[in-house]
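[1] sequence first, then the predicted structure, then my questions.
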Amino acid sequence: MASLDFIVFELHSMIRSEVRTNQVGAASETMSKSYTLYINAYTPETIPMARLAQYMQNLAAVLGHTTAVHFETLKPGSTQLVTRVDYEEVPKVEAHLAQVKRGEGSTEATRAKAEIDRLLSEDNATGFVYEDDDQGAEIIVFPGASRPKPATYGPFNQEGSLDGILISVSGADQTVHLQLQSGEIRYTGIDTNRDTARRLAKYMYEPVRIFGTGRWLRDQYGNWLLKKFRVDSFSVLAQEDLKDAISHLREVTGSEWKSMDDPIGVLKALREKGNGLH
């Protein structure tokens, strides 16, 4: 049987070991660093979960080193998304944030920074990232809703052309409606007369170029939007253009064209099967 002195000695050793462990843990906690995204909108109780997830995902990309960055809590005072960085990775995250602030960050981080600003603009809010508990230490500022919005232009008419695979010809009156597919883009709002539509329908599921007058609008984000397009004439694109068009179709997310051995043959079969207005 162990002596009483030995047992006391072992207990003291265990206590000293526990103290050292706690001290190391406390030191690690002290040396870690928190970064908070201040969202000047909502509260922790009212922010939609899906919206919060968007902010969290993009903040993680801005901070980088995602395995060392952890969600800690939501603080009131509008909505404050608090994260904590493992102390071993603090220097790397600091350097990464400095790069993002200078506009020298990775493509992913730069895109995430712009996305946070866009989200804030949509939420009619502004925001910033600050360090630890010092809200005055604003590392990255997001103008959000306060950013001057570029003016919209249009709509106005412009003669031009559109390229794509003809995927729809339909209409029961004198105006016939067309649709073209160009990669991920589907052009709708295209109209023409019956005679042109009848001739176009012979080239269903083939790449064509349509000529006419489009009605365009440039939105506040600089994107050009096609409101409608009136077709006056068209041309059928060459075989090489057909191959390019098929390549675009294969790039469409979830497309079945990727697995086809003879996509050109499939297009011809579709055209012969559906040769006409529908």
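    Arrived safely. Numbering: from 1, shown residues only.
[2] for D232, see how far away Q179 is.
    Taking Cβ to Cβ, to the nearest Å as the measure, Q179 falls 18 Å from D232. C-beta: built from backbone N, CA, C; applies to glycine.
[3] actually L178, sorry about that
    Separation of L178 from D232 (Cβ to Cβ) stands at 13 Å.
[4] do Y153 as well
    24 Å.
[5] so what sits against both of L178 and D232?
    In the contact map built from Cβ atoms under 8 Å, 6 or more residues apart in numbering, the residues linked to both L178 and D232 are T192.
[6] so Q179 and D232 - more neighbours on which side?
    Q179 (16 against 12; other Cβ atoms under 10 Å).
[7] contacts for the host helix or strand of that one, please.
    If you go by DSSP states H and E, Q179 is part of strand 175-182. Defining contact as Cβ under 8 Å, 6+ apart, one finds that strand 175-182 is touched by 162-171, 186-188, 190-194, 196-197, 200, 208, 210, 231, 245, 248-249, 252, 277.
[8] repeat that for 6 Å
    Outside strand 175-182, the residues within contact range by Cβ atoms under 6 Å, 6 or more residues apart in numbering are 164-165, 167-171, 187-188, 190-192, 194, 197.
[9] narrow those to just the buried residues.
    In the contacts of strand 175-182, burial by neighbour count holds for 164-165, 169, 171, 187, 190-192, 197, counting by 16 or more other Cβ atoms under 10 Å.
[10] dump these into TSV; add secondary structure and pLDDT as well.
    Putting these into TSV (DSSP: H, G, I helix; E, B strand; the rest coil; pLDDT from 0 to 100) gives the following:
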residue	secondary structure	pLDDT
G164	strand	92
I165	strand	92
V169	strand	94
G171	coil	87
Y187	strand	92
I190	strand	96
D191	strand	96
T192	strand	96
A197	helix	94
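[11] closest one of these to L63?
    Distance to L63 across the buried ones among the contacts of strand 175-182 (Cβ to Cβ) is lowest for Y187, with 39.7 Å.
[12] quick one: the strands in this protein?
    33-39, 69-76, 79-85, 127-131, 134-142, 153-170, 175-182, 185-193, 207-218, 224-236 (DSSP state E).
[13] can you list the ones you listed in TSV and add distance to Q54?
    What follows is the strands of the chain, written out as TSV (distance: least, Cβ to Cβ, whole Å):
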stretch	distance to Q54
strand 33-39	11
strand 69-76	14
strand 79-85	11
strand 127-131	13
strand 134-142	14
strand 153-170	29
strand 175-182	29
strand 185-193	24
strand 207-218	26
strand 224-236	24
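[14] quick one, which of these gets closest to A60.
    Ranking these by distance to A60, with Cβ to Cβ as the measure, places strand 69-76 first at 6.0 Å.
[15] what residues sit buried inside the closest one?
    If you call a residue buried by 16+ other Cβ under 10 Å, then strand 69-76 has these buried ones: 69, 74.
[16] how big is the angle separating it from strand 33-39?
    Strand 69-76 runs at 50 degrees relative to strand 33-39, counting by axes from the mean of the first three to the mean of the last three Cα atoms, to 10 degrees.
[17] restrict stretch 141-154 to CA atoms and write it as CSV.
    Presented in CSV, the C-alpha positions along stretch 141-154 are these (Å, rounded to 0.1, in the frame of the first residue of the first chain):
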residue,chain,number,x,y,z
VAL,A,141,-14.0,50.1,-43.9
PHE,A,142,-17.0,49.2,-46.0
PRO,A,143,-18.9,52.3,-47.4
GLY,A,144,-21.9,50.1,-48.3
ALA,A,145,-25.0,52.3,-48.7
SER,A,146,-23.0,55.5,-48.4
ARG,A,147,-21.0,54.7,-51.6
PRO,A,148,-22.1,57.0,-54.5
LYS,A,149,-24.2,55.0,-56.9
PRO,A,150,-23.3,55.2,-60.6
ALA,A,151,-26.1,56.5,-62.7
THR,A,152,-28.2,54.2,-64.8
TYR,A,153,-28.4,54.8,-68.5
GLY,A,154,-31.3,54.1,-70.8
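[18] what does stretch 80-97 contact?
    Around stretch 80-97, the neighbours that count as contacts under Cβ under 6 Å, 6+ apart are 28, 31-38, 55, 63-65, 68-73, 75, 139.
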